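**Q** all I have is the shape, not the residue letters:
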Ligand code: PAF
């Protein structure tokens with residue numbers, strides 16, 4: 001496995017791989033790799049000739065006061081894990097390479113980025129869309145893999161790729177959970193033991209929502225209220241949002257008639273966690 005820090009070298013490798021008629025698969029990450037990331041890599045490994053992982057903690061998607069500085073970083077461990085999966089390249093550009101001093105351009109996906117996480121993190125998706133566009137332009141993948149835990153991010157990237165006619169297949173991979181239900185996230189590392197216990201209420205509330213829909217409940221309001229009481233029964237929890245909405249435009253749904261996204265963001269102490277599930281009406 002090769003570590004590539006230079007944009008120029010990464011572009012050269014991508015160009016040669018394409019000329020050879022080989023398929024490039026790409027898993028963009030901010031490092032601190034966990035089972036969620038590894039599941040994307042495993043899927044990609046099965047499907048492509050050259051598997052490229054990027055590790056870049058993207059300052060543009062963190063607002064002032066968020067956790068950019070303390071975001072967990074562990075390059076040696078990431079290298080070990082990625083090489084175990086059989087990744088071919090880790091693209092590891094520095095901040096100055098991606099955003100040089102005279103950098104001025106952003107990519108904005110409108111409308112769907114103003115909902116859910118976009119309300120409390122108004123610049124987040126602009127930062128994600130911008131860096132993912134740049135990474136796509138450098139790595140030139142045929143296929144790129146994103147986790148469904150960041151469901152809104154996945155939809156935003158799909159929309160961007162479609163709207164901007166990028167010739168890249170976006171593949172969503174199901175959420176990986178710990179055995180206790182907690183969705184895997186690099187930010188779980190911030191949780192104390194007591195906060196971690198409280199964080200289990202997130203997946204518990206989603207399971208309860210699914211159960212309610214399965215047993216015939218159709219009123220979003222009642223589902224949200226039940227989820228709220230489950231989450232608020234835990235300590236240290238502060239709900240950012242709980243939404244029952246359509247999975248493409250994220251418009252709120254009052255009465256569940258078809259497939260919906262149930263999504264939430266909750267602060268557990270200082271740590272903001274997200275989770276979601278798709279519910280189908282039987
Ligand atoms: O999901 C992430 O880790 C990041 O948002 C991504 C897609 C790597 C962009 O920085």
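**A** Arrived safely. Just so we're clear, the structure is a prediction, and the values are computed from it rather than from any experiment. Numbering: from 1, shown residues only.
**Q** what number of residues lie near the closest residue to the ligand within the stretch 151-282 of the chain?
**A** In the stretch 151-282 of the chain, the residue that lies nearest the ligand is residue 153 (5.8 Å; CB to the nearest ligand atom). C-betas here are computed from N, CA, C, even on glycine. Residue 153: 21 surrounding residues under other CB atoms under 10 Å.
**Q** looks like it contacts residue 129 (just checking).
**A** No. The criterion here is CB atoms under 8 Å, and residue 153 misses it with residue 129 at 9.2 Å.
**Q** residues contacting the residue of the stretch 151-282 of the chain closest to the ligand?
**A** Taking CB atoms under 8 Å, 6 or more residues apart in numbering, we find residue 153 in contact with 125, 128, 146.
**Q** put together JSON lines for those, with distance to residue 26 and neighbour count on each row.
**A** Output for the contacts of residue 153, formatted as JSON lines (distance: CB to CB, whole Å; neighbours: other CB atoms under 10 Å):
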{"residue": "125", "distance to residue 26": "19", "neighbour count": "25"}
{"residue": "128", "distance to residue 26": "15", "neighbour count": "24"}
{"residue": "146", "distance to residue 26": "10", "neighbour count": "23"}
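**Q** now, these that are in strands?
**A** Using DSSP state E, residue 146 are the members of those that sit in strands.
**Q** let me know the closest of the contacts of residue 153 to residue 35.
**A** Nearest to residue 35, judged by CB to CB, of those is residue 146 at 15.4 Å.
**Q** picking that back up, which neighbours do residue 153 and residue 129 have in common?
**A** Counting by CB under 8 Å, 6+ apart, nothing touches both residue 153 and residue 129.
**Q** same for the ligand: which of the contacts of residue 153 are within range?
**A** residue 128 (CB under 6 Å from any ligand atom).
**Q** out of the contacts of residue 153, which is nearest to the ligand?
**A** Distances from the ligand to the contacts of residue 153, taken by CB to the nearest ligand atom, are shortest for residue 128, at 4.7 Å.
**Q** so who does the closest one touch?
**A** Contacts of residue 128 (CB under 8 Å, 6+ apart): 58, 61, 153, 156-157.
**Q** got it, and residue 228?
**A** By CB under 8 Å, 6+ apart, the neighbours of residue 228 are 205, 239, 242.
**Q** just list whatever residues bridge to the second one.
**A** Note on residue 239: beta-bridge partners by DSSP bridges are residue 266.
**Q** okay, it and residue 264: tell me how far apart.
**A** 7 Å (CB to CB, to the nearest Å).
**Q** more neighbours, the two?
**A** Using other CB under 10 Å as the criterion, residue 239 and residue 264 rank with residue 264 on top: 24 against 16.
**Q** next up, the contacts around the more buried one.
**A** Counted by CB under 8 Å, 6+ apart, residue 264 has contacts 202, 205-206, 227, 231, 239-243, 274-276.
**Q** from the middle of its chain, how far away would the helix or strand harbouring it be?
**A** Residue 264 is part of strand 260-268 when elements are defined by DSSP states H and E. Its chain's average C-alpha position is 13 Å from that of strand 260-268, according to CA atoms, centre = their mean, to the nearest Å.
**Q** buried residues of that strand, list them for me.
**A** 260-266, 268 (16 or more other CB atoms under 10 Å).
**Q** overlap in contacts, residue 239 and residue 264.
**A** residue 231.
**Q** and which of the contacts of residue 228 is nearest to residue 102?
**A** Using CB to CB, the contacts of residue 228 come closest to residue 102 at residue 239, 41.2 Å.
**Q** from memory that closest one sits against residue 231, does it?
**A** Yes. Between residue 239 and residue 231 there is a contact under CB under 8 Å: 5.9 Å.
**Q** between those two, what contacts are shared?
**A** What both residue 239 and residue 231 touch, as defined by CB under 8 Å, 6+ apart, is the set 264, 266.
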